[in-house]
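[1] need the 3D shape of this:
(one chain, ligands or ions: 2)
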Amino acid sequence: MKTANLGFPRIGHHRELKKAVEAYWNGTIVESELQQVCRDLRRANWCLQRDQGIEHIPSNDFSHYDQMLDTTAMVGAVPARFDWDTKQVGLDQYFAMARGVFSQPGKADVAAMEMTKWFDTNYHYIVPELAADQEFQLASRKPIEEFLEAKQLGIVTRPVLVGPVTYLLLGKCVGDTFDRLSLLDRILPVYEEVLRELQAAGAQWVQIDEPVLVLDLDDRQREAFAQVYQRLKKAAPRLSILVATYFGELRDNTETACRLPIDGLHLDLVQGRSQLETVLDYTAGTMTLSLGVIDGRNIWRADLDEVLTLVKSAVEQVGTERLLVAPACSLLHTPIDLDMEKSLDPNVRHWLAFAKQKLEEVRVVATAVDEGEDAVAEKLEASRSALTARKASPEVHDPEVNARSRSVTPEMCRRSSPFATRRELQEQRLALPLLPTTTIGSFPQTREVRRARADHKAGRLTHEEYEAFVKEQMAKTIRFQEEVGLDVLVHGEFERNDMVEYFGEQLHGFTFTQNGWVQSYGSRCVKPPIIYGDVSRPRPMTVGWITHAKSLTEKPIKGMLTGPVTILQWSFVRNDQPRSETCRQIALAIRDEVADLEAADVPIIQIDEAALREGLPLRRADWNDYLQWAVECFRLASSGVRDVTQIHTHMCYSEFNDIVEAILDMDADVISIEAARSRMELLRAFKDFDYTNEIGPGVYDIHSPHIPMVESIQELLDAAIEVFDSRQVWINPDCGLKTRTWEEVTPALANMVAAAQAARAKYGKLPVDHPEESRPI
Ligand code: GLN
Ligand code: ZN
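    Numbering: from 1, shown residues only. Ligands and ions are numbered 1, 2, ... in the order given. Take a look at the predicted model:
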């Protein structure tokens, strides 16, 4: 039985790719040096996969930045603003599309292409920009070059391409919307040429990724597949085409996929175990099936007995000849090598598998089928013992947490009074002006702040010295907020490395790797926490800092927490219980923190749910279920307070249209959202619902260094007050200020306060100071 892999992490064991790419951007190394690092990484990855016993080894899964951008380069879809010479897409052209061109001598600024999340992963791709009259041409021979590069090393790889239907459907229309699939006729010749060249170069298989096959498609989109693959098959008849689907099951696209005139189909049997039956019925041995049985999205060891049962059921029906064993999706989304983790708790470590270990699992399964389980008895035994240990471990199972989770009642997820009652009490307590001003929580994380944290971690700063440093930053920030005239103050989040890690580090049930990096976008990598056990909070996490901040001012302080859904979403989550259950445990821990903040007399508590929307399942049919438990977890975390305590939440995105009802259902007293970039357009979504709680639509885009003018803030405010009663509206930036500098933040917030004062004069009866003039920098 043959083994396959769909893609391997490209960043390198020590993030060599990140370092080399950034060094190239900084001008510390030249292109040939960067390319040498990339060649070394590719060679190491190919050899590693070969040594792990993988037969279908991918090539062209490497990327300098992103595989969708690689495809844009391959088909020559460079947006017009980049002023391209329409021959080949060189490295600088390529990076320019990813990063834009800014303040380069002799060159006009050009905006980068947009970036968005790759399906429901935390990886971000560069969105293709497609015009109705888009032309395509073969402008990068990377797939062929990398195939030949591996061949020279004696490894015949299976090149990977992003499929044409997926490429077009994930692109965005520039100008008026049009049917993106109308571009198929023009893009297919490029794919045909690539396939012909790969065939001529000696490739036997090509893997064409069409993950859109797990999304909701309409008939026309489904029909496109048959036509596309007929053409592609004809272009290179001796080349075997494997279409890869992943991140879910095919459901109503099953027939479309199974009827394609191709040689192989890859199925995600981790997220869609039950689809195997149906697909086997359809294909009945006519094409090769690649069984994606090892989770490529998580870090847990597989239950190999369970996997073997599934694989053997397929073998019984079609024999081994037409089957491949593989991970469910590309391993891009897992860290590379567990062997590098020296300081993990050895128990927990035993339960894990990173990319390299996952390939070993693939190999074990294939060998067990070929030679019998005895041939891999030791490996199977290790897998079993890990599983048994994990099931029984007191580190994982905390009876108290379980009992508490079971005893959650609907009342615990509801505030005791309706908003109208709460509002009155909160108004009396806080005595805020009309259109109150605030910020989203973080203030600039300067080099100094980051250095102090690193020094503390490395032991160069004592705990006392570090604490004194943070307190000094906090005091300075409180003073600044008072001086600039903000109404609700924050402590500034200087003690936090990251809004999830900070809480994970203090909660039971979480652990952290030393090298468990995964690519987030471009050269950016993240190191998500691992939630391995029942979650509980041994002691207060933020109360000390926030009460200290409170002692420094007479103005109301807002305490800052990260919400349960966001903590869940940005971690590797245990797979031995439903995500909703893990989320509920986190919610209970946050609920305790909320209670402690309230007891410490903190009048306002903000619970950030930055990732609530991105948790949405790929299929609409699954949305309700998710939204229901996600919103309930937020409410569980936030509803334990008295009426007089004001709960805020923050969400840093603006696509609300399809989930407004769920957002309203969270019943936060105040929600702050991103709104500046869409010029308050999203507020229309709220118009149709009777939203009575308060809202802070962000009045300036913190993602840009641009300082907003008073007038432009006023315009946005006017637009907001057209939709909402002025008594509902708060004034705040779009998101936290941690990525900005003090030089940017100072005038921006001064202008925001000035706009607020002017608006109060316009919409209310409260006295106003003299609105300040705009202060452009
Ligand atoms: N309170 C967080 C901050 O200000 C919110 C960050 C976020 O929404 N991503 O940084
Ligand atoms: Zn945000």
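
[2] for the residue in the stretch 251-400 of the chain that ligand 2 sits nearest to, the count of nearby residues, please.
    Ligand 2 sits closest to residue 333 of the stretch 251-400 of the chain, with a gap of 23.2 Å, by CB to the ion. Glycine gets a C-beta too; all of them are placed from N, C-alpha and C. Residue 333: 23 surrounding residues under other CB atoms under 10 Å.

[3] my read is that it contacts residue 299, right?
    No - between residue 333 and residue 299 there is no contact under CB atoms under 8 Å: 9.8 Å.

[4] return the nearest residue of the stretch 1-150 of the chain with respect to ligand 1.
    residue 122 (13.1 Å; CB to the nearest ligand atom).

[5] with the chain instead?
    Closest point on the chain to ligand 1, by CB to the nearest ligand atom, is residue 736, at 2.0 Å.

[6] ok, that residue touching residue 442?
    Yes - with contact defined as CB under 8 Å, residue 736 and residue 442 form a contacting pair (3.6 Å).

[7] for the residue nearest the centre of the chain, I want the exact helix or strand it lies within.
    With distances taken as CA atoms, centre = their mean, residue 122 lies nearest the centre of the chain, 2.4 Å away. Following DSSP states H and E, there is no helix or strand that holds residue 122.

[8] equivalent analysis for residue 681, please.
    Using DSSP H and E, residue 681 falls outside every helix and strand.

[9] so how far is ligand 2 from the closest residue to residue 644 other than its chain neighbours?
    For residue 644, ignoring the flanking residues on the chain, the nearest one in space by CB to CB, 6 or more residues apart in numbering is residue 425 at 4.4 Å. Separation of residue 425 from ligand 2 (CB to the ion, to the nearest Å): 28 Å.

[10] which secondary structure elements does the helix or strand where residue 425 lies sit against?
    Using DSSP H and E, residue 425 maps to helix 419-430. For helix 419-430, the packing partners by 3 or more CB pairs under 8 Å, 6 or more residues apart in numbering; DSSP states H and E come out as strand 646-651.

[11] any idea how far the helix or strand just after the strand it packs on is from the chain center?
    For strand 646-651, the succeeding helix or strand toward the C-terminus, using DSSP H and E, is helix 660-665. Distance of helix 660-665 from the chain centroid (CA atoms, centre = their mean, to the nearest Å) equals 22 Å.

[12] now stretch 356-370
    The answer for stretch 356-370 is 29 Å, by CA atoms, centre = their mean.

[13] dump it to PDB, keeping only the CA atoms.
    Extracted in PDB, the C-alpha atoms of stretch 356-370 (Å, rounded to 0.1, in the frame of the first residue of the first chain):
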ATOM      1  CA  LYS A 356       7.400  14.400  11.000                       C
ATOM      2  CA  GLN A 357       5.700  12.100  13.500                       C
ATOM      3  CA  LYS A 358       2.500  12.200  11.500                       C
ATOM      4  CA  LEU A 359       4.300  10.900   8.400                       C
ATOM      5  CA  GLU A 360       5.600   8.100  10.600                       C
ATOM      6  CA  GLU A 361       2.000   7.300  11.500                       C
ATOM      7  CA  VAL A 362       1.100   7.200   7.800                       C
ATOM      8  CA  ARG A 363       3.900   4.800   7.200                       C
ATOM      9  CA  VAL A 364       2.900   2.600  10.200                       C
ATOM     10  CA  VAL A 365      -0.600   2.300   8.800                       C
ATOM     11  CA  ALA A 366       0.500   1.300   5.300                       C
ATOM     12  CA  THR A 367       3.000  -1.300   6.700                       C
ATOM     13  CA  ALA A 368       0.300  -2.700   9.000                       C
ATOM     14  CA  VAL A 369      -1.900  -3.300   6.000                       C
ATOM     15  CA  ASP A 370       0.900  -4.700   3.800                       C
END
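
[14] quick one: average confidence on that stretch?
    For stretch 356-370, mean pLDDT rounds to 98.

[15] same question for stretch 39-50.
    98.

[16] neighbouring contacts of it?
    Contacts to stretch 39-50, defined as CB atoms under 8 Å, 6 or more residues apart in numbering, come from residues 5, 8-10, 12, 16-17, 57-59, 62, 146, 149-150, 153, 155, 157, 356, 359.

[17] buried among those? Need that as a selection in PyMOL.
    The buried residues among these can be selected in PyMOL (16 or more other CB atoms under 10 Å) with this line:
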select buried, resi 5+8+9+10+12+16+17+57+58+59+62+146+149+150+155+157+356+359
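
[18] among the contacts of stretch 39-50, which are in strands?
    Under the assignment DSSP state E, the contacts of stretch 39-50 contribute 58, 59 to strands.

[19] among the contacts of stretch 39-50, which are in helices?
    Here DSSP state H is the test, and the contacts of stretch 39-50 give 16, 17, 146, 149, 150, 356, 359 as lying in helices.

[20] which parts of the helix or strand hosting residue 686 are buried?
    Using DSSP H and E, residue 686 sits within helix 683-687. Using 16+ other CB under 10 Å as the test for burial, helix 683-687 gives 683, 685, 686.

[21] so the first one sits right up against residue 729, yeah?
    It stands for residue 683. No - counting by CB under 8 Å, residue 683 does not reach residue 729; the two are 10.1 Å apart.

[22] alright, that wraps it up for me.
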